[in-house]
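**Student:** Sequence plus the predicted model coming up.
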Amino acid sequence: MIKLLQSSWSASLLGALLYLGTTVFVWSPPPRAADPVELPTETGGASWEFHNPEVDLLIEELKLEKEALARRGAQLDELDERLQVERQEINLVTQTIYQLQSQFDSNVVRVLAEEVPNVKKLARTYAAMTPEGAVPILKQLEETTLVKILASMKESESAPILEALGHLGEADAKRAAAISERLRFSLANPKDPKRAP
C-alpha cells in the first residue's frame, strides 16, 4: 500500500479528486438576475410622454450653454463695434498726420529754398567787410552756418577771413582748420550770375 501511495499515478489521481471535492464544496450557483425595473407610465398617456430627470438635466445644461453663447455673442458684437470706431479714429488721425507731414515738408522745402539767397546775401555782406571786422562776428556763428557762408564766397574773399580767424589764438586756429575741412567736402554752389568770377 505504501508503494501505491508513493507512485506518481496515485498522487495525480488523489490531487484530481481533492480538487473536484473542494470545487463542489465551495461551488455556489450564480445569483439570479434581478427583475427588470419597469418605468412608471401614466395611464392613458402616450408612450413618449414620460419624465426622466437625466433628460431634464441635459436640457437645463443646454439652456445654460445657449445663454452663455448668446452673452458671448453680444460681447463679441460690442467689441466689433468698438474696433470699427477705433479703426475710424485711427484712419482720421493717420490722415491728419499725413496732412501735417505734407505741410511740414512743403515748409521745409520753402525754408531751404529761401535759405540759399539769404546765405548768399550774408556772404556778400561779410565779403564787403574787412577780415578784421568780419571775424569777431563770424566767430559767434554756428560752424554749419559759417561753412555755408564761406562756401558761398569766392576763395579770394574767404581766405583772408580764415587767415584772420587763425591769428586769434590756438582754439580759433583749430576751428579754422575744422571749417576748412568741412569746406573741402561742401558742394560747390553754382556761380551767382549777378557776380563776376
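**Tutor:** Thanks, I have the structure now.

**Student:** C-alpha from now on. contacts and neighbour counts both.
**Tutor:** Noted.

**Student:** can you give me the helices in this structure?
**Tutor:** 2-6, 8-26, 53-128, 131-138, 143-152, 155-166, 170-185 (DSSP state H).

**Student:** Compare those and say which comes out lowest on pLDDT.
**Tutor:** Least confident of the helices of the chain, judged by mean pLDDT, is helix 2-6 with a mean of 71.

**Student:** about what we covered before: got TSV for the helices of the chain, with mean neighbour count and distance to R32 too?
**Tutor:** Compiled in TSV, those are given as follows (neighbours: other C-alpha atoms under 10 Å; distance: least, C-alpha to C-alpha, whole Å):
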stretch	mean neighbour count	distance to R32
helix 2-6	9	44
helix 8-26	11	18
helix 53-128	13	28
helix 131-138	15	121
helix 143-152	19	111
helix 155-166	17	124
helix 170-185	15	112
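
**Student:** Check the gap between E86 and I97 for me.
**Tutor:** 16 Å (C-alpha to C-alpha, to the nearest Å).

**Student:** S7 too?
**Tutor:** Counting by C-alpha to C-alpha, the gap from S7 to I97 is 112 Å.

**Student:** next one: A151
**Tutor:** For A151, the distance to I97 - C-alpha to C-alpha - is 37 Å.

**Student:** Next: A70.
**Tutor:** 40 Å.

**Student:** dump the residue contacts of the closest residue to P131 other than its chain neighbours.
**Tutor:** The shortest distance from P131 to any non-neighbouring residue, by C-alpha to C-alpha, 6 or more residues apart in numbering, is to I161 (4.9 Å). By C-alpha atoms under 8 Å, 6 or more residues apart in numbering, I161 lies in contact with P131, E132, A134, V135.

**Student:** Geometric centre of this protein: which residue is closest?
**Tutor:** I90 (16.5 Å; C-alpha atoms, centre = their mean).
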